[in-house]
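Asks: Quick one: sequence and predicted model below, then my questions.
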Amino acid sequence: MKKIILIIAVTVSALTGTAEAQTAKNIVYKVYNRTTPNNGESDMKMTLINKKGSERTRELHQYFIDLGNEEKQIMFFTSPADVKNTAFMNWSYDDVNKNDDQWLYLPALKKVKRISSSNKDNEFMGSDFTYEDMEKRNPERDNQTLLKSEKYNNEEVWVIESTPIDEEQYSKRIIWISKEKNIPLKIEFYDEDKELLKTLIITKISKIKGYWIIEKQEMFNIQENHKTIISLTNLKIDSGISENKFNQRTMTKGL
């Protein structure tokens with residue numbers, strides 16, 4: 001009888017674990033597939049704050065487009081002078097077997113450089129975001145576990161642990177996801193030694209033309225005591241941006 005009970009207990013435990021994993025995967029897919037604008041543009045302000053509290057500000061303008069199975073983004077630095085006319089472009093694909101394509105144009109070199117997979121853990125333009133952080137991450141690249149349901153900043157959230165299937169720069173991410181908006185409100189990034197490295201906090205979300213849009217976010221590198229704040233202004237949603245804008249020639253021509 002004890003043996004039968006033990007088998008039942010193990011079976012129930014296995015089923016529960018499978019259901020939980022499936023639930024976590026479903027939650028992450030709701031984030032991945034949430035309704036977003038077909039295209040648009042905005043001004044962007046990037047503020048870098050070092051451990052002494054000194055600030056450096058960079059101004060950009062970005063364009064984006066959703067083509068169904070792929071999404072494209074291109075951004076141009078407009079100030080200060082040392083980064084002006086620098087351009088970055090990212091193409092994200094729904095195909096899990098296809099890595100994001102990324103390019104960087106440096107006007108001093110007059111050359112578009114492709115960002116290789118081995119360099120995606122590098123800092124993006126001196127910020128606390130890496131090139132990998134700029135990608136739209138496919139849920140199939142990770143194993144997800146639902147840790148709990150709780151309140152965060154007066155919002156009901158799911159807390160998900162996301163661990164990469166292949167070895168990457170982060171050993172895991174802990175993600176607080178809004179149940180109402182299907183948007184991460186907070187992400188903790190852990191390094192290869194499983195120590196907390198960075199925390200991303202979404203500080204402003206607005207509903208524009210029926211879409212939930214992240215307008216302000218802060219990435220804090222705990223180990224380096226350095227912070228990057230990114231804020232969007234002058235948003236134009238579904239404004240008819242053409243796919244022809246998203247190419248290397250546009251990067252070299254600028255705005």
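Replies: Alright, I've got the coordinates. Note that the coordinates shown come from a computational prediction; the quantities given were computed from them, not determined experimentally.
Asks: got a list of what the closest residue to K209 other than its chain neighbours touches?
Replies: Spatial nearest neighbour of K209, chain neighbours left out: I237 (4.8 Å); criterion: C-beta to C-beta, 6 or more residues apart in numbering. Glycine gets a C-beta too; all of them are placed from N, C-alpha and C. By C-beta atoms under 8 Å, 6 or more residues apart in numbering, I237 lies in contact with P37, G40, I208, K209, Y211, I213.
Asks: for I237, which residues make a bridge with it?
Replies: For I237, the beta-bridge partners under DSSP bridges are G40.
Asks: before we move on, back to that, among the contacts of I237, who's most crowded?
Replies: Within these, most neighbours by other C-beta atoms under 10 Å means G40, with 22 neighbours.
Asks: circling back: per-residue confidence at the residue nearest to K209?
Replies: Looking at I237, its pLDDT reads 94.
Asks: could you measure it against D121, distance?
Replies: 32 Å (C-beta to C-beta, to the nearest Å).
Asks: Filter the contacts of I237 down to just the ones in helices.
Replies: Among those, no residue falls in helices (DSSP state H).
Asks: I'd like those written out as TSV, with distance to L106 and pLDDT added.
Replies: Shown next, in TSV, are the contacts of I237 (distance: C-beta to C-beta, whole Å; pLDDT from 0 to 100):
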residue	distance to L106	pLDDT
P37	29	94
G40	26	95
I208	33	94
K209	35	93
Y211	33	95
I213	30	95
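Asks: from those, which single one is nearest N244?
Replies: G40 (15.8 Å; C-beta to C-beta).
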